[in-house]
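# Structure for the following, please:
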Amino acid sequence: RQSGRRYNLFLKRRLRIDKRHQSKDSIFFRDGVRRIDFVLSYVDDLNKEWEKKLERRKEFESNLQKAGLELETEDKKESEDGKIYFVKIHAPWEVLITYAEVLNIKVPIKENDIPSMVENPLDCMLAPLRLPEKVMHPEPDYFTAPFSKEKQELYLINDESTFFSPSMRNRIVNYILTRCPYGTEEGKKKFGIKRLLNNGTYSAAYPLHDCQYWKKANDPNCDNERYTLYMEWARFLRFYKEQPLDLIRKYYGEKIGIYFAWLGFYTEMLFLAAVVGLICFLYGLFTMDENMSSKEICDPAIGGEIIMCPLCDRECEYWRLNTTCESSEYSHLFDNVATLFFAIFMGIWVTLFLEFWKRRQARLKYEWDLVDFEEEQQQLQLRPEYEAKCTQKKKNPVTQEMEPYLPVTSQAVRFCISGTTVLFWVSLIIASMIAVIVYRLAVYAAFASLMENTQTLQPISGLLTPQLATSVTASCLNFVIIMILNFLYERIAIWITDMEIPRTHMEYENRLTMKMFLFQFVNYYSSCFYVAFFKGKFVGYPGAYTYMFNRWRNEECDPAGCLIELTTQLTIVMAGKQIWGNIQEAIVPWICNWWGRRKARNNPENLYSRWEQDHDLQTFGALGLFYEYLEMVIQFGFITLFVASFPLAPLLALMNNILEIRVDSWKLTTQYRRPVAAKAHSIGVWQEILNGMAILSVVTNAFIVAFTSDMIPRLVYYYAYSVNDNSPMSGYINNSLSVFQISDFPDRNKPKLNPENFVICRYRDYRYPPDHERRYLHTMQFWHILAAKLAFIIIMEHVVFIVKFFVAWMIPDVPADVKAKIKREKYLTQKILHEYELEKLKERLCQGDKRATKKEFIATEGRMELSRAM
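The predicted structure is shown next:
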């Protein structure tokens, strides 16, 4: 019986193979001439909605044909699983030229005759990093002008089938699909492919990749751009090569192209920051043995004789300062003079990065014909969802046409619900952070007691102090909470943004961006802000400790300072996020695609068609780039806001971004359906967010150097309180520790055991000793240090801000050569258009057209002369 089934299946496949000689890997209709610009798929599910979905599809496809599109349906019997119908869509020439004019698409009118840039003398050295010229510049550079049906003779139309690139074609078809009606339901006019996808009428809608990524197509008419992108860009072994930005733009559109341009430029600029950060780290490494503070802590005659007060109430014992010898040595790696230099350097670096990116962006705008592109042409069009949900209309004062609008009362209610939801989730993050702090306080005593009483932990007790053990476990717990909250909030943010019904695409993206960024900012950075600016600052002193909720004693910093704990927190959250992000971006889509294609792996190529292969891939989605930008902007915050605590952060970011570029390119080229091409002339609202974070980073790093590191107290001691001229820093540790008389401990704080009958213990603070008339009050040195910290913050901020604004003023946003080229191109384009109009007018005069007067001819010539003069 099984052999009979196999034979029938073989005959079925054989018939299907013989039925059509054309390879199903083709991207053309059955006639081999008309290109497939878009594909819709659906499944016949015989439920109670079946008839309604059938009616919607009939109406929708009928209206698509009325709009001029040509359709060809593949029966489910032809599909690999025998369940899915595929509707292939082709846009003929008449449709393309009509909507190219509507969308204001620029097309070539003349080959660019402006000389290219002067050759760089370093080009020969950079040759190994270059890609072949054909890959970097897949088509010649042209002067362009917006398309007009009336001036078709003006454009360089050599072949109508290839004049509009596939990305332009799928953009035009998608424009029609999103606005095509499919009937009236519940008294409302329904339209748009997005709504049909949401209600299950269609299962997918996507443009096709031009070939398989691992081999070229057999069709000689195929450009094989996907294969080229995979071979030259998407493989990790090409990590040292430049990116083929023009080819990316041609294949995926300007919006994706500008993301990869920004990511590549950001990675290039990180190289400088990573080198300087590595030098600062090496400085700390090579000067570890010269650090007087750690020498005194490790010295048995100094640190070994200093008895420290217990780290927790009742259960913890007195301990000797030299037990923290190793951690104090390692803290010097990040808490040294180079920290100050690196904080100032990064304040200037971030300005250079943003200013040079503006120049790079201006050059791309010129090269990609986006100079006159207004965001309104694409982003400010009304969203189909807005038009569908807003039933009321009012007259537009500019166009004098009736437009849908959302009443003010409805907007106010929606904004109140949205704002309340965002505040609730931000409060949830703060609550979770407080829970982690409570965890730190609750387990701190347990770690302290465990490490003192467990013999097996003695060999590592010097390196793994109770503070560090608590910090590491709390950081890991915090990271898990961050990822869970992040997963949940992403869905909530999209839901509340949809509920607000933004009017335009730009409004939708901006609102979602601000909600997501606000949440992610609090989610990822709150724990770092706590360690940097709150931990160890409100501890009190022995006998008068401060407590959270009157129960848990506030935790202290390590004797070597809080900076090493901030470094630990930053490293775990930053590295964990990058590792988890790469797993999500690369491994998860690969597993999903492998599972979806497992039945088709053994099928002949001519049974597994191009549209089926793409159907089995993952959907990139309208918010695909949004998540990529968000990931990089959060990383940007880690390497700027807290970089004074971890000079190696730019190096970690650099290594991640080298991988990130290849992971993003690999998944886009191999694991995802081809996204619909979209235009964009900048990175949008992300530019303003980066500017805001750059300004905030100067403030946070100034506070980290002043209040989290021990630099200012050491400098005050060096210049004002040192008593040894030969070794100015000797005695600093003893000076930084105050004295407490053990008999003054209240019963709540007093340790249960004091086997060595200590009389006094020491603690980190600047307070008078118990025999002073102002016992346990702050000394004058405390106020000197506080004044020095505040003065340092003011001076550092003003110096860095002055340098930042001076650098920003010195560097023009648009390079001089790009300005000249833009003016030259505008002049030549106007000249070509005017000459064309003049020639047409001459023809009309010669043909005796009465409407073409001599005065009109003179006026046209005068306009040309005026244009030349300008």
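
# Any regions of the stretch 151-300 of the chain where pLDDT drops low?
Low-confidence segments of the stretch 151-300 of the chain (pLDDT under 70): 186-188.

# Regarding this structure, what is its longest helix?
Longest helix in the chain, counting residues (DSSP state H): helix 408-453.

# nearest residue to residue 761 other than its sequence neighbours?
Of all residues not flanking residue 761 in the chain, residue 309 sits nearest, at 3.9 Å (C-beta to C-beta, 6 or more residues apart in numbering). (Glycine included, C-beta is placed from N, CA and C.)

# Correction: the previous question concerned residue 50.
residue 44 (7.2 Å).

# Pretty sure that neighbour sits against residue 75.
No. Contact status for residue 44 versus residue 75: not in contact, 10.7 Å apart, counting by C-beta atoms under 8 Å.

# if I look at those two, which residues touch both of them?
Any residue near both residue 44 and residue 75 by C-beta atoms under 8 Å, 6 or more residues apart in numbering counts here, and that gives residue 85.

# Same question for the helix or strand hosting residue 258: list its buried residues.
Taking DSSP states H and E as the criterion, residue 258 maps to helix 254-286. Using 16 or more other C-beta atoms under 10 Å as the test for burial, helix 254-286 gives 254-267, 269-270, 273-274, 276-277, 280-281, 283-284.

# Likewise for stretch 473-481?
In stretch 473-481, counting by 16+ other C-beta under 10 Å, buried: 474, 475, 477, 478, 479, 481.

# got it, and stretch 414-433?
418, 421, 422, 425, 426, 428, 429, 432, 433.

# for it, the distance to its chain's centre please.
In this view, stretch 414-433 has its centroid 23 Å away from the chain centroid, taken as C-alpha atoms, centre = their mean, to the nearest Å.

# Could you report the neighbour count for the closest residue to residue 545 other than its chain neighbours?
Distances taken as C-beta to C-beta, 6+ apart place residue 553 nearest to residue 545, at 5.1 Å, with adjacent residues excluded. When neighbours are defined as other C-beta atoms under 10 Å, residue 553 has 19 of them.

# Which parts of the stretch 151-300 of the chain are strands?
181-185, 188-191, 204-206 (DSSP state E, counting those that start in this stretch).

# that older thread, between the buried residues of stretch 473-481, which is closest to residue 727?
Nearest to residue 727 out of the buried residues of stretch 473-481 is residue 475 (C-beta to C-beta; 36.8 Å).

# Please work out how many residues are found near residue 662.
18.

# What residues does residue 568 make contact with?
The contact partners of residue 568, by C-beta under 8 Å, 6+ apart, come to 468, 471, 472, 475.

# can you count the residues close to the third one?
Other residues near residue 472 number 16, with proximity taken as other C-beta under 10 Å.

# again, but for residue 802
10.

# which parts of the strand or helix carrying it are buried?
Taking DSSP H and E as the criterion, residue 802 maps to helix 780-810. Within helix 780-810, the residues scored as buried using 16+ other C-beta under 10 Å are 781-782, 784-786, 788-789, 792-793, 796-797, 800, 804.

# who does it touch, helix- and strand-wise?
helix 337-367, helix 685-703, helix 711-716 (3 or more C-beta pairs under 8 Å, 6 or more residues apart in numbering; DSSP states H and E).

# Can you give the distance of the helix or strand following the last one from its chain's centre?
Scanning forward in sequence from helix 711-716, with DSSP H and E defining helices and strands, the next element found is helix 732-736. Between the mean C-alpha location of helix 732-736 and the chain-wide mean there is a distance of 45 Å, by C-alpha atoms, centre = their mean.

# now do stretch 403-418
Counting by C-alpha atoms, centre = their mean, stretch 403-418 is centred 30 Å from the centre of its parent chain.

# how is this structure carved up into domains?
Using the TED database, the domain parsing of the chain gives 27-105+147-208, 251-712, 819-869.

# tell me which of the buried residues of stretch 414-433 is nearest to residue 495?
Nearest member of these to residue 495, counting by C-beta to C-beta, is residue 421, at 8.6 Å.

# now that closest one, nearest residue through space, not along the chain?
residue 496 (5.2 Å).

# quick one, the one helix or strand that neighbour maps to and helix 408-453 angle?
Assigned by DSSP H and E, residue 496 belongs to helix 466-500. Helix 466-500 and helix 408-453 are oriented at 170 degrees to each other (axes from the mean of the first three to the mean of the last three C-alpha atoms, to 10 degrees).

# Quick check: which helices or strands does helix 466-500 pack against?
helix 408-453, helix 505-533, helix 563-582.

# Just the buried positions in it, please.
Neighbour-count burial for helix 466-500 [16+ other C-beta under 10 Å]: 466-472, 474-475, 477-479, 481-482, 485-486, 489-490, 493, 496-497, 500.

# The residue nearest to residue 421 contacts residue 417, correct?
Yes. In this structure, residue 496 is within contact of residue 417 by C-beta under 8 Å, at 7.2 Å.

# How about the contacts made by the closest residue to residue 193 other than its chain neighbours?
Nearest residue to residue 193 in three dimensions, chain neighbours excluded: residue 177, at 4.1 Å (C-beta to C-beta, 6+ apart). Applying C-beta under 8 Å, 6+ apart to residue 177 gives the contacts 38, 64, 192, 193, 205.

# And the third one, how close does it get to residue 32?
Residue 192 sits at a distance of 32 Å from residue 32 (criterion: C-beta to C-beta, to the nearest Å).

# And residue 769, by the same measure?
95 Å.

# what's across from residue 189 in the sheet?
In this entry, residue 189 is beta-bridged to residue 184, by DSSP bridges.

# Just confirm it contacts residue 181, I think it does.
Yes. At 6.1 Å, residue 189 and residue 181 qualify as touching, with contact defined as C-beta under 8 Å.
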